[in-house]
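> Coordinates for the following, if possible.
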Amino acid sequence: MLHYTKIIHPVNDQWVTFVHGAGGSSAIWYKQLKTFKKDFNVLLIDLRGHGKSKEPIYKKFKRYTFDSISDEIIEVLDHLKISSSHFVGISLGTILIREITERYPERTSSLIMAGAVMKLNFRGQILMRFGATFKSIIPYLILYRFFAVIIMPKKKHRESRLLFVNEAKKLRQSEFKRWFTLISEVNPLLRFFRIKESGVPTLYVMGEEDHMFLPSISKLVKNHSNTQLFVIPACGHVVNVEKPEIFNSTVINYLNNLNVFR
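Okay, here's the model as predicted:
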């Protein structure tokens with residue numbers, strides 16, 4: 001089973017489950033814990049091969065697929081007897097929680113899609129092809145640093161870049177290659193998600209400077225009902241790290257408003 005950390009609220013029975021992106025770990029949510037545990041039960045999960053989820057059990061999977069990895073998240077919820085949860089994802093984690101919602105809609109109370117990846121633009125496509133070509137030649141940390149600079153290029157994004165690179169150092173080269181193969185095959189799934197609505201309340205929280213992913217999310221929200229977009233000014237891709245106060249207050253207010261109208 002994936003490694004997880006749970007924080008129980010003394011009164012509220014609602015859960016918020018945080019899912020990090022590729023190369024990260026549950027440590028990236030450290031600026032959220034103090035705020036969210038005041039109002040909700042909190043569940044932090046380390047994805048397969050990341051953080052403390054490095055058990056040999058994961059060798060039994062011949063391929064890394066979005067449905068098998070998202071099923072491992074559901075396995076944690078089942079183990080803890082959590083029937084439903086609000087899900088908060090960042091970057092690639094948004095694809096996983098959207099995949100969960102597609103197959104297990106009854107388990108999702110709402111989706112918070114931070115730095116959401118719903119389409120790879122031309123630059124993103126070039127990055128994926130470059131990585132697919134050189135992932136077995138160039139050490140993965142060099143590739144990862146290169147990707148981090150492309151996605152988070154500005155000086156003010158430095159904290160986010162360093163956080164993700166430092167977390168990525170804990171991966172093995174073989175693990176990076178498995179995850180990269182998964183990412184490079186994501187286009188058909190994202191195309192499906194852009195066409196089909198999730199059916200649950202969804203908040204996209206994007207940085208104004210997230211030029212690789214914000215344009216597609218802006219377009220998607222116009223075509224999908226039951227979705228909202230909040231753009232954080234002067235902020236890049238990793239919104240929860242760069243602007244934690246705005247991120248936390250925006251998400252908490254959104255979730256509390258959902259509860260009012262239940």
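
> Run through the residues that contact residue 12.
39-41 (Cβ atoms under 8 Å, 6 or more residues apart in numbering). Every residue, glycine included, has its C-beta placed from N, CA and C.

> Kindly report the same for residue 189.
In this structure, residue 189 makes contact with 66, 95, 99, judged by Cβ under 8 Å, 6+ apart.

> Now the secondary structure element (helix or strand) that it belongs to - C-alpha only, CSV.
Assigned by DSSP states H and E, residue 189 belongs to helix 187-195. Presented in CSV, the C-alpha positions along helix 187-195 are these (Å, rounded to 0.1, in the frame of the first residue of the first chain):
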residue,chain,number,x,y,z
ASN,A,187,-2.5,12.9,-24.8
PRO,A,188,-5.5,10.6,-25.5
LEU,A,189,-6.6,10.7,-21.8
LEU,A,190,-6.4,14.5,-21.7
ARG,A,191,-8.4,14.8,-24.9
PHE,A,192,-11.1,12.7,-23.3
PHE,A,193,-11.1,14.8,-20.2
ARG,A,194,-11.4,18.0,-22.2
ILE,A,195,-14.5,16.6,-24.0
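
> Help me confirm that residue 164 is found in a helix?
Yes. Residue 164 forms part of a helix when assessed by DSSP: H, G, I helix; E, B strand; the rest coil.

> picking up where we left off before, and the contacts of residue 189, which is closest to residue 143?
The closest of the contacts of residue 189 to residue 143 turns out to be residue 95 (Cβ to Cβ; 19.6 Å).

> from what I can see that closest one touches residue 186, true?
Yes. Under the contact definition of Cβ atoms under 8 Å, residue 95 touches residue 186, with a separation of 6.6 Å.

> would you list every one of the helices in the stretch 101-250 of the chain?
Using DSSP state H, counting those that start in this stretch, the helices found in the stretch 101-250 of the chain span residues 122-134, 140-151, 158-168, 173-184, 187-195, 214-223, 239-242, 244-260.

> which of those sits most buried?
helix 239-242 (a mean of 26; mean count of other Cβ atoms under 10 Å).

> gap between that one and the chain center?
Computed by Cα atoms, centre = their mean, to the nearest Å, the chain-centroid distance of helix 239-242 equals 12 Å.

> What of stretch 30-43?
Computed by Cα atoms, centre = their mean, the chain-centroid distance of stretch 30-43 equals 17 Å.

> So for that stretch, first residue to last residue, what's the gap.
Stretch 30-43 has an end-to-end distance of 12 Å (Cα to Cα, to the nearest Å).
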